[in-house]
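1. My questions are about this predicted structure, shown below with the sequence.
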Amino acid sequence: MIPVILDGDPGHDDAIAWLLAFASPELDVRGIVSVAGNASLENTTHNMRRIVTLLGVGGVPLAQGAARPLVAQAIVAHSVHGTSGLDGPALPEAAVDLDARPGAELMAHLLRESAEPVWLVPTGPLTNVATLLLAHPELKARIAGISLMGGGIHSGNWTPAAEFNILVDPEAAQVVFTSGLPILMAGLDVTEKAYVLPADFERVRAVGTPLAGIVADWLEFFFAYHRDLGYAGAPVHDPVAVVALTHPEILEVQPLYVQVETTGEYSRGATVGDVFGASGELPNARVALGIDRQAYVDLLVDAVAHYGRG
């Protein structure tokens, strides 16, 4: 099993990513950390606790992470995920407690106590991961790699150039991409192809469990925003960062040198990929560019069904 620490700002697709991670026999989830992004830290932390309660996976330590970017002003995505960050179906009240340590310190503790290097799987802004790297450079050798959802080589979604997670904290992203650690990047180039159609929502609902109904409702809520933009389905971004570890064979991946723009007037937060090798630099990331959509949907449906098996 691959040891992982999850880090995100749930968020409907973060919630589904975490559901997939816990259902995947390939992964050993060691901890989860919240970060501000899709909503305020108070809301994303509350959502994290409710998701873990819903999944019934108590015993995994949870910690509250960064409330704001390293240097920038916070940005939230209420237009996409609602005021709470996880609007839609009613969820159980949180029945799990938080670790007293800040998120980056819990990460550091989990890295120290692990017998083998651990993968970090951030699906929100990279503030917690950057804080960990800046505060504890001695722990880099304890990190197997970083499988992240964020960025886009060819376009953005929050601005023409920048994807939301990177735009929220470009300085943190720069720390991550210059860390020298192995990086798997699931950006918009692949996640916009990882769409789930209304017919797939019904496959999820047909699993027939209360959890399946909630996940189908999450997909419906998430799709409502995207339908107004002309999408045929909901691009369920964040689980691709999990799939990159559990089922890399369904992805098309290209090694690229990726830089993060932190100062551009029109391009702040852009992840600039050296597609033609113009920089002469060696690749610092393996960038997912394509996905077997049907296999992806099958994995999500199977993950939902996992929670009805005992």
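-> Structure received.
2. where in the protein is pLDDT low?
-> 309-310 (pLDDT under 70).
3. so who does the spatially most central residue of the chain touch?
-> Central residue check for the chain by Cα atoms, centre = their mean: the C-alpha nearest the mean position is that of Thr123, 1.6 Å away. In this structure, Thr123 makes contact with 6-9, 11, 13-14, 17, 148-149, 165, 237-238, 241, judged by Cβ atoms under 8 Å, 6 or more residues apart in numbering. Quick note: C-beta positions are derived from backbone N, CA and C, even for glycine.
4. again, only using 6 Å
-> Contact criterion Cβ atoms under 6 Å, 6 or more residues apart in numbering gives Gly8, Asp14, Ala17, Met149, Asp238, Ala241 as the residues in contact with Thr123.
5. taking these one by one, which sit in strands?
-> Gly8, Met149 (DSSP state E).
6. any chance of the contacts of Thr123 in a markdown table, with neighbour count too?
-> Putting the contacts of Thr123 into a markdown table (neighbours: other Cβ atoms under 10 Å) gives the following:
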| residue | neighbour count |
| --- | --- |
| Gly8 | 31 |
| Asp14 | 32 |
| Ala17 | 28 |
| Met149 | 31 |
| Asp238 | 30 |
| Ala241 | 33 |
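7. From Pro182, how far off is the residue nearest to Thr178 when sequence neighbours are not counted?
-> In space, and not counting its chain neighbours, Thr178 is closest to Asn284: 7.5 Å by Cβ to Cβ, 6 or more residues apart in numbering. Distance of Asn284 to Pro182, given as Cβ to Cβ, to the nearest Å: 9 Å.
8. Looking at these two, which is more packed in?
-> Between Asn284 and Pro182, counted using other Cβ atoms under 10 Å, Asn284 has the larger neighbour count: 21 against 15.
9. what ranges do the strands span in the protein?
-> Remark: strands assigned in the chain by DSSP E are 2-8, 27-34, 62-64, 118-122, 143-149, 183-186, 195-196, 234-235, 251-256, 258-260, 271-273, 285-291.
10. CA atoms only for stretch 210-228, dumped as CSV, please.
-> As requested, C-alpha coordinates have been extracted for stretch 210-228 and formatted as CSV (Å, rounded to 0.1, in the frame of the first residue of the first chain):
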residue,chain,number,x,y,z
PRO,A,210,-27.5,6.6,1.4
LEU,A,211,-23.9,7.5,0.6
ALA,A,212,-24.6,6.9,-3.1
GLY,A,213,-27.5,9.3,-3.0
ILE,A,214,-25.4,12.0,-1.4
VAL,A,215,-22.6,11.6,-3.9
ALA,A,216,-25.1,11.7,-6.8
ASP,A,217,-26.5,14.9,-5.3
TRP,A,218,-23.0,16.4,-5.0
LEU,A,219,-22.5,15.7,-8.7
GLU,A,220,-25.8,17.3,-9.5
PHE,A,221,-24.9,20.4,-7.5
PHE,A,222,-21.5,20.6,-9.0
PHE,A,223,-22.9,20.1,-12.5
ALA,A,224,-25.4,22.9,-12.1
TYR,A,225,-22.6,25.5,-12.2
HIS,A,226,-20.9,23.9,-15.2
ARG,A,227,-24.1,23.3,-17.1
ASP,A,228,-24.6,27.1,-17.2
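11. What count of nearby residues applies to the closest residue to Pro92 other than its chain neighbours?
-> Nearest residue to Pro92, sequence neighbours excluded (Cβ to Cβ, 6+ apart): Thr53, at 5.1 Å. Other residues near Thr53 number 16, with proximity taken as other Cβ under 10 Å.
12. if I pick the residue lying closest to Asn128 once chain neighbours are set aside, what's in contact with it?
-> The shortest distance from Asn128 to any residue that is not its chain neighbour, by Cβ to Cβ, 6+ apart, is 4.1 Å, and that residue is Gly65. Contacts here follow Cβ under 6 Å, 6+ apart; on that basis Gly65 touches Val33, Ser34, Val35, Gly103, Asn128.
13. hang on, isn't the last one packed against Ser34?
-> No - using Cβ atoms under 6 Å, Asn128 makes no contact with Ser34, being 8.4 Å away.
14. how much space between Pro117 and Ala141?
-> With the distance defined as Cβ to Cβ, Pro117 ends up 7 Å from Ala141.
15. residues in contact with Gly145?
-> Gly145 makes contact with Trp119, Pro182, according to Cβ under 6 Å, 6+ apart.
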